[in-house]
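> 3D, please:
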Amino acid sequence: MAADGPALIGVLGPIAVGACPVGAESPDRLVAVPGLRARRLLVSLALADGRVISADRLIDHVWAADPPRSPHSALHTQVSRLRKLLPEGVLEGTENGYRLRNSRTDLDVVDTLLAEGGRDAHDRARQWWRGVPGDDLGDGSPVTATLSARIRRTQDALDGAQLTAALAEGDFATARSIAEQRCARDPFDEPAHTALMRALAGEGRAADALVVFDRLRRRLSTELGTDPGGRGVVVVVMPTTVAP
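Okay, here's the model as predicted:
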């Protein structure tokens with residue numbers, strides 16, 4: 001990459017890089033990174049938030065349980081290849097390892113939009129998802145699990161912000177869609193099921209809301225030996241279904 005300046009690293013889909021100033025980021029400016037090892041190396045460095053990562057740790061992240069015969073030489077080769085894809089000076093070698101300077105990820109962009117707040121910012125944050133994150137990192141590398149956990153936190157925060165706003169604005173169709181996705185990801189997520197019941201009740205589907213509650217109650221009782229708050233379903237359903 002010939003351009004100088006801040007590097008933007010995309011992890012919310014195929015691993016990609018671009019060069020653009022803060023405030024002018026766009027998913028369209030990202031270019032896919034070729035090579036499994038280069039992608040793992042880039043993600044490992046990107047998730048360190050500018051901290052130095054030791055060569056040994058990077059080797060573990062890049063090759064996992066199948067290191068090469070000369071791991072440090074092989075790492076140096078991968079670093080050299082990755083440098084060609086990044087703006088000048090972004091990938092820095094130190095006495096103890098490597099780090100990224102003057103860079104940010106699309107997760108950082110989404111976090112900024114979340115802090116900004118508002119429906120428009122939330123919609124723009126959602127547009128940064130370009131596919132299934134981690135699909136091109138393969139299996140076995142610790143970096144894949146680390147990335148998944150990091151993305152999950154941001155995804156949950158964005159879902160929660162959009163869900164709260166949609167319910168407050170009476171946009172029950174949007175709220176239901178988001179709540180259904182959260183329930184599918186975690187069948188034991190009581191707040192997500194409560195939000196789904198609110199959305200269904202808001203759409204005039206009180207009976208469906210009760211079905212959601214009963215399904216959650218049975219699942220919690222059978223698999224965890226607990227019960228959801230029994231009064232919660234009444235509080236959720238009744239105010240939105242009784243005519244004023």
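> would you mark the buried spots in the longest helix along the chain?
Longest helix in the chain by number of residues, with DSSP state H as the criterion: helix 142-169. Neighbour counts over helix 142-169 (16 or more other Cβ atoms under 10 Å) mark 143-144, 146-147, 150-151, 154-155, 158-163, 165-167 as buried. The way it works is simple: take the backbone N, C-alpha and C, and place the C-beta from them, glycine included.
> got it, and stretch 65-79?
In stretch 65-79, counting by 16+ other Cβ under 10 Å, buried: P71, A74, L75, Q78, V79.
> can you list contacts of it?
35, 37-38, 41, 55, 58-60, 62-63, 91, 93, 98, 140 (Cβ atoms under 8 Å, 6 or more residues apart in numbering).
> can you give me the end-to-end distance of that stretch?
For stretch 65-79, the separation between the terminal residues is 20 Å (Cα to Cα, to the nearest Å).
> quick one, helices of the chain?
Assigned by DSSP H, the chain shows helices spanning 36-46, 55-63, 71-83, 106-116, 119-126, 142-169, 172-185, 190-202, 206-219, 232-241.
> can I get the ones you listed in JSON lines with distance to S26?
JSON lines is the format used below for the helices of the chain (distance: least, Cβ to Cβ, whole Å):
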{"stretch": "helix 36-46", "distance to S26": "18"}
{"stretch": "helix 55-63", "distance to S26": "28"}
{"stretch": "helix 71-83", "distance to S26": "22"}
{"stretch": "helix 106-116", "distance to S26": "9"}
{"stretch": "helix 119-126", "distance to S26": "10"}
{"stretch": "helix 142-169", "distance to S26": "18"}
{"stretch": "helix 172-185", "distance to S26": "24"}
{"stretch": "helix 190-202", "distance to S26": "31"}
{"stretch": "helix 206-219", "distance to S26": "38"}
{"stretch": "helix 232-241", "distance to S26": "39"}
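> who wins for proximity to C20 among those?
helix 106-116 (10.3 Å; Cβ to Cβ).
> for that closest one, what is the distance to the chain centroid?
11 Å (Cα atoms, centre = their mean, to the nearest Å).
> that helix versus helix 142-169: what angle between them?
Helix 106-116 and helix 142-169 are oriented at 20 degrees to each other (axes from the mean of the first three to the mean of the last three Cα atoms, to 10 degrees).
> for helix 106-116, packing partners?
strand 7-10, helix 119-126, helix 142-169 (3 or more Cβ pairs under 8 Å, 6 or more residues apart in numbering; DSSP states H and E).
> thank you, goodbye.
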